[in-house]
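Peer 1: kindly generate the corresponding structure for this input.
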Amino acid sequence: MTQHLPVLLNEVLEGLLTDPSGTYVDATFGRGGHSRAMLERLGEDARLVGMDRDPEAITAGQRLQASDPRFSIRHGRFSGLTEVLDASQCKAGVQGVLMDIGVSSPQLDDAGRGFSFNAEGPLDMRMDCTQGQTAANWLNTAKAEDIARVLYVHGEERRARRIAAAIVEARPLETTLELAELVERCVPRGRHPSRKHPATKTFQAIRIFINDEDVELQQGLEAAFESLAIGGRLAVISFHSLEDRKVKHTFRSLCRPPALPRHIPIPEPLQAVSARPVGGVIRASEAELIRNPRSRSAVLRIIERLP
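Peer 2: Take a look at the predicted model:
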């Protein structure tokens, strides 16, 4: 199993931790790589609230919670961030929120979770395996046009209709390799323009749909920003263009004045912006790429809440 290495770790610590005595949120605890490093930097009076929708991450977080009184862990989705903070008695605003979007290395490496097209496992793909339908259940019952729409919208897969038709014809599908091999027959490696596996976009799209990640991300970004105290920062790591596009557009709307009619006197308060960008677009260094190839596609964006 691949060792879990938190991506852009130094960049997150430098950009997010502005107050060593502050209250922070790791909204995607995973196996705690970022959280442990944050606790090493924070003072004795600081607080760190971890959250995750994956029960296995919660189990890992409970071990850290038992060993460090500054840390607490909560089970929840991005859309439930406000409720998590209320339950953690963080009502005065937090100094920073970290969101590390997408599937984690431990989830990819565990074939039983069904996220990887490189290993045999059940077609599950649920972030929270205690609720919701599995990828197999949906693929084996959905209409071809609905499957094609998901592949195109959430994976930008140009051969979405061909793949969807092949899925319907081959049903029932039960394992990850069954699906990966089917997609590879529809999208031959020799014609694929990049080094990525032909099934990359299909697996991405199905995972996003099964976990409602698109809606969760938008609601999470809004809730995270609203939770910030003045001067607090929101740091988001994304791994593919669809995620980063949503983060970029949301941050841009917060960092620019609202669109108002021209040639009309506008009171100054209405022209104020809500946030400022911090550090531009941040990517992994060459040293990190060598140490952790999975950081290749990672993009970090940070904004700071203004008065």
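Peer 1: ok, the spatially most central residue of the chain - contacts?
Peer 2: Nearest to the mean C-alpha position of the chain, by CA atoms, centre = their mean, lies residue 101 at 1.2 Å. Contacts here follow CB atoms under 8 Å, 6 or more residues apart in numbering; on that basis residue 101 touches 28, 213, 217, 236-239, 243, 247. Glycine gets a C-beta too; all of them are placed from N, C-alpha and C.
Peer 1: next secondary structure after the worst-scoring helix or strand of the chain on mean pLDDT?
Peer 2: Comparing helices and strands within the chain by mean pLDDT, DSSP states H and E singles out helix 268-271 as the least confident, with a mean of 54. Downstream of helix 268-271, the first helix or strand assigned by DSSP states H and E is strand 275-277.
Peer 1: remind me what that following strand packs against, helices and strands.
Peer 2: Strand 275-277 sits against helix 241-255, strand 299-305, with contacts defined as 3 or more CB pairs under 8 Å, 6 or more residues apart in numbering; DSSP states H and E.
Peer 1: in CSV, list the ones you listed along with distance to residue 105.
Peer 2: Listed next are those as CSV, based on distance: least, CB to CB, whole Å:
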stretch, distance to residue 105
helix 241-255, 16
strand 299-305, 17
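Peer 1: looking at these, which is closest to residue 287?
Peer 2: Counting by CB to CB, residue 287 lies closest to strand 299-305 out of those; the figure is 15.7 Å.
Peer 1: OK, contacts around residue 179?
Peer 2: With contacts defined as CB under 8 Å, 6+ apart, the neighbours of residue 179 are 117, 123, 139, 167, 173, 199, 202-203.
Peer 1: and it, what helix or strand is that in?
Peer 2: Once you assign secondary structure using DSSP H and E, residue 179 falls within helix 176-186.
Peer 1: can you tell me which of the helices and strands packed on strand 275-277 is most buried?
Peer 2: strand 299-305 (a mean of 22; mean count of other CB atoms under 10 Å).
Peer 1: got the angle for that strand vs helix 241-255?
Peer 2: 20 degrees (axes from the mean of the first three to the mean of the last three CA atoms, to 10 degrees).
Peer 1: CA atoms of strand 299-305 as PDB?
Peer 2: Included here for strand 299-305 are C-alpha records, laid out as PDB according to Å, rounded to 0.1, in the frame of the first residue of the first chain:
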ATOM      1  CA  VAL A 299      -3.800  23.000  -7.200                       C
ATOM      2  CA  LEU A 300      -4.000  25.100  -4.000                       C
ATOM      3  CA  ARG A 301      -5.900  28.300  -3.800                       C
ATOM      4  CA  ILE A 302      -6.200  30.500  -0.700                       C
ATOM      5  CA  ILE A 303      -8.400  33.500   0.100                       C
ATOM      6  CA  GLU A 304      -8.600  35.700   3.200                       C
ATOM      7  CA  ARG A 305     -11.800  37.200   4.500                       C
END
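Peer 1: for residue 44, give me the pLDDT.
Peer 2: You'll see residue 44 listed with a pLDDT of 97.
Peer 1: and it, what element?
Peer 2: Counting by DSSP H and E, no helix or strand carries residue 44.
Peer 1: name the nearest residue to it, ignoring sequence neighbours.
Peer 2: Closest residue to residue 44 apart from its sequence neighbours, by CB to CB, 6 or more residues apart in numbering: residue 70 at 7.4 Å.
Peer 1: list the buried residues of the helix holding residue 179.
Peer 2: Judged by neighbour count (16 or more other CB atoms under 10 Å), helix 176-186 contains these buried residues: 176-180, 182-184, 186.
Peer 1: and whichever helix or strand comes after it, what other elements does it pack with?
Peer 2: For helix 176-186, the following helix or strand on the C-terminal side (DSSP H and E) is helix 200-210. Of the remaining helices and strands, those touching helix 200-210 by 3+ CB pairs under 8 Å, 6+ apart are helix 135-139, helix 144-155, helix 176-186.
Peer 1: what about those helices, which gets the closest to residue 257?
Peer 2: Go through the helices and strands packed on helix 200-210 one by one with CB to CB and the one that ends up closest to residue 257 is helix 144-155, at 30.8 Å.
Peer 1: burial check on residue 127, number of neighbours?
Peer 2: Applying other CB atoms under 10 Å, we find 25 other residues in the vicinity of residue 127.
Peer 1: contacts only, for it.
Peer 2: Contacts were defined as CB under 8 Å, 6+ apart; by that measure residue 127 touches 53-54, 103, 107, 211.
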